[in-house]
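> below is the sequence, then the predicted model.
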Amino acid sequence: MLMLSTAAATMSPVGLFLQADWVVRAVMIGLLLASLWTWAIILSFGFRAASVRKAINAFEVEYREADDIDEFHRRAATRDQPIARVFSAGVTEWRRSTTGKTIDREGTRERLATAMGATVAQEIDRLADRLNFLATVGSVAPFVGLFGTVWGIMRSFTGIAQQQSTSLAVVAPGIAEALFATAIGLFAAIPAVIAYNRYSHSVNRVEQRLNRFADGFHATLSRRLEMEA
């Protein structure tokens, strides 16, 4: 009974970590830290993406109900929202391009499109900033875990050679510790890959909505430009 308890303790995750050598321990610690940071990104990005979608919905409703663009801009310019910054970029460029005595309508349209397009790209870069880490963990973690596995198996073979025994008691601990490194690598990689694919789709949806808003606002300003010319 005591032998079974000792074997179970040795084969537990903590036991496997403690009996591993420093190389495999370093691999395990690195993968666990990557997994923790991955989950922090997953949770924080989930809340941020939901907040951005909610802000876009509310802003579009207010924009459609606004009678005066300048008045609405005074209320919305200070909001810390991607869509508000796209809107402000359009209004700011409009004011710069229409303050002179003569107005270049084609040039104004091009500058409006450029200003809002650049702001959309900047906001998407900011939103997707940490997604590259998820992609890196998803692609690299299994190979790091595999490195730990290969190292552990090599260590097991060394133990077999030293003890001149192929019994399960000699081989099992090293093999288990080696496979545990792979398991940790998969534990870090699988959520990262799933989250990256899901959140990349969310970022694309946000980009599409910001571009649609920018196109609609550009059309509104173009009509206003024609009326004032």
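Perfect, I can see it now. Numbers count the residues shown, from 1 in each chain.

> what's the helix or strand for Asp80?
For Asp80, there is no helix or strand it lies in under DSSP states H and E.

> for Arg212, see how far away it is.
Distance, Asp80 to Arg212, by CB to CB, to the nearest Å: 21 Å. Heads up, the C-betas are built off the backbone N, CA and C, glycines and all.

> neighbour count: the two, which is higher?
Legend: neighbour count by other CB atoms under 10 Å for Asp80 and Arg212, higher for Arg212 (11 against 7).

> residues contacting Leu179?
149, 152 (CB atoms under 8 Å, 6 or more residues apart in numbering).

> determine how far the helix or strand where it lies lies from the middle of the whole chain.
According to DSSP H and E, Leu179 maps onto helix 168-228. Put simply, helix 168-228 sits 5 Å off its chain's centre (CA atoms, centre = their mean, to the nearest Å).

> change the start of the numbering to 3 and stick with it
I'll keep to 3 as the first residue from here, and by that count the last item is helix 170-230.

> may I have stretch 90-109 as CSV, with CA atoms only?
Only the C-alpha atoms of stretch 90-109 are listed here, as CSV (Å, rounded to 0.1, in the frame of the first residue of the first chain):
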residue,chain,number,x,y,z
SER,A,90,-13.3,62.9,-34.9
ALA,A,91,-10.7,62.3,-37.5
GLY,A,92,-13.3,62.9,-40.2
VAL,A,93,-14.6,66.1,-38.6
THR,A,94,-11.1,67.4,-37.9
GLU,A,95,-10.0,66.9,-41.6
TRP,A,96,-13.2,68.4,-42.8
ARG,A,97,-12.6,71.6,-40.8
ARG,A,98,-9.0,71.8,-42.0
SER,A,99,-10.0,71.4,-45.6
THR,A,100,-12.9,73.8,-45.7
THR,A,101,-11.5,76.8,-43.8
GLY,A,102,-10.0,78.5,-46.8
LYS,A,103,-11.7,80.8,-49.3
THR,A,104,-11.4,78.2,-52.1
ILE,A,105,-12.3,74.5,-51.5
ASP,A,106,-10.8,71.7,-53.5
ARG,A,107,-13.7,69.2,-53.4
GLU,A,108,-11.8,66.3,-54.9
GLY,A,109,-8.8,66.9,-52.7
